[in-house]
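K.L.:
I would like the atomic coordinates for the input below:
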Amino acid sequence: MWFSTFLENLVALPVWAWVVWALVVVCAVVFFALRKRSGAALPIVVVLLLALAVLFAFALPTIEPEEGASTAAAFLYSPIFWSILVAILGVVCIVLLLRRQKWTIQMLSTGALCVALAFVLSCLTLYRMPNGGSITPASMLPILVFAWIYGPIPGIAAGTMDGIMQLVQGAYVIHPMQFLLDYILPFAVLGIAGLFRKDNQLPLGIVLGSAARFIIHVLSGVIYFASSAPAGQSPLLYSLGYNATYLVPELIICLAIVLVPRMKHALIRIKHEAKIA
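P.N.:
Numbering: from 1, shown residues only. Coordinates of the predicted model:
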């Protein structure tokens, strides 16, 4: 029967897969034990499950099922299945985090304005790379400043919307996980800038938010575009160099703008007024 075959294929999974699933069970037990404080525990558990699903999404599809394996086995190793699971858990994670964030009309309107400004600036390309990526007049800056003013969760939400808006300009997708790594996560992680909210920490937030975006783009390049590397060159070195070619100038432009004294004082004033409102 299909169910018994499915169970046999489950048993045939690699040992490391069972270890990971055991960790998931442990997390579930811990969550049950902390159910009275589930408001604090649930987002942590969902984030952990999301991380585990990402691990499976990268690892399992690289293992080819034995020839003649059942549909159940092929399904377990399907990149589509794991990518959908990652997307679902990601949405759940974002929803849980957003529910814990108090939103105001001012925050929503400012976020919409920053996303719109980031999109417009991304359309004003100063230099376009041959295989994706471009230097723009600080298109990351509106999202980074928004995160600096309102915090990481609103910043991640605005960055995610900015990533979705980038699809309007065209997308090159060869795999569901590559879509997440190239068009959603790199912009979402710009919200990391919101972890550094002191008046003098905006440059630090810009550097770390840009670094997080850079790491994700490099990861995508190594996994999905290794064939683009010249013969004899490491895919990692190629991806590092390629993505640095446009992201480093983008970072320099953002820093140059916020370090202008008048711009710096204006942004600090806007930040203080946002807290008062």
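K.L.:
So the residue lying closest to Gly133 once chain neighbours are set aside: helix, strand or coil?
P.N.:
Ranked by Cβ to Cβ, 6 or more residues apart in numbering and with sequence neighbours excluded, the top spatial neighbour of Gly133 is Tyr246, at 4.5 Å. To be clear about C-beta, it is placed using only N, CA and C from the backbone, and glycine gets the same treatment. When classified by DSSP: H, G, I helix; E, B strand; the rest coil, Tyr246 comes out as helix.
K.L.:
wait, doesn't Tyr246 sit right on Asn131?
P.N.:
No: between Tyr246 and Asn131 there is no contact under Cβ atoms under 8 Å: 10.7 Å.
K.L.:
which one of these two has more residues nearby?
P.N.:
More neighbours surround Tyr246 than the other of Tyr246 and Asn131, with 20 against 10 (other Cβ atoms under 10 Å).
K.L.:
Please name the residues that touch that one.
P.N.:
Neighbour list for Tyr246: Tyr127, Met129, Gly133, Ser134, Ile135 [criterion: Cβ atoms under 8 Å, 6 or more residues apart in numbering].
K.L.:
What distance do you get for the last one to Leu202?
P.N.:
Relative to Leu202, Ile135 is positioned 21 Å away (Cβ to Cβ, to the nearest Å).
K.L.:
And these two? Which one has more around it.
P.N.:
Counted by other Cβ under 10 Å, Ile135 and Leu202 do not tie: Leu202 has more neighbours, with 26 against 19.
K.L.:
quick one: which helix or strand includes the more buried one?
P.N.:
Leu202 is part of helix 202-224 when elements are defined by DSSP states H and E.
K.L.:
ok, and for that helix, which residues are buried?
P.N.:
By 16 or more other Cβ atoms under 10 Å, the buried positions in helix 202-224 come out as 202-203, 205-210, 212-214, 216-224.
K.L.:
all strands of the stretch 101-250 of the chain, in order?
P.N.:
Counting by DSSP state E, counting those that start in this stretch, the segments of the stretch 101-250 of the chain that form strands are 127-128, 134-135.
K.L.:
quick one: low-confidence ranges for this structure?
P.N.:
Scanning the chain for pLDDT under 70 picks out 1-101, 176, 276-277.
K.L.:
if we go to 50?
P.N.:
Low-confidence segments of the chain, defined by pLDDT under 50, span residues 1-3, 6, 38, 62-63, 65, 68-73.
K.L.:
picking that back up, could you identify which of the strands of the stretch 101-250 of the chain is most buried?
P.N.:
strand 134-135 (a mean of 18; mean count of other Cβ atoms under 10 Å).
K.L.:
Restricting to C-alpha, output the helix holding Leu202 in CSV.
P.N.:
C-alpha atoms of helix 202-224 as CSV (Å, rounded to 0.1, in the frame of the first residue of the first chain):
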residue,chain,number,x,y,z
LEU,A,202,22.7,54.7,11.3
PRO,A,203,26.0,54.2,9.4
LEU,A,204,26.6,50.9,11.4
GLY,A,205,23.1,49.7,10.6
ILE,A,206,23.7,50.5,6.9
VAL,A,207,26.9,48.6,6.8
LEU,A,208,25.5,45.5,8.6
GLY,A,209,22.2,45.5,6.6
SER,A,210,24.2,45.8,3.4
ALA,A,211,26.5,43.0,4.6
ALA,A,212,23.6,40.7,5.3
ARG,A,213,22.2,41.4,1.8
PHE,A,214,25.6,40.7,0.3
ILE,A,215,26.0,37.3,2.1
ILE,A,216,22.6,36.1,0.8
HIS,A,217,23.4,37.2,-2.8
VAL,A,218,26.8,35.4,-2.5
LEU,A,219,25.1,32.3,-1.2
SER,A,220,22.7,32.3,-4.2
GLY,A,221,25.6,32.7,-6.6
VAL,A,222,27.5,29.8,-5.2
ILE,A,223,24.5,27.5,-5.1
TYR,A,224,22.7,28.3,-8.4
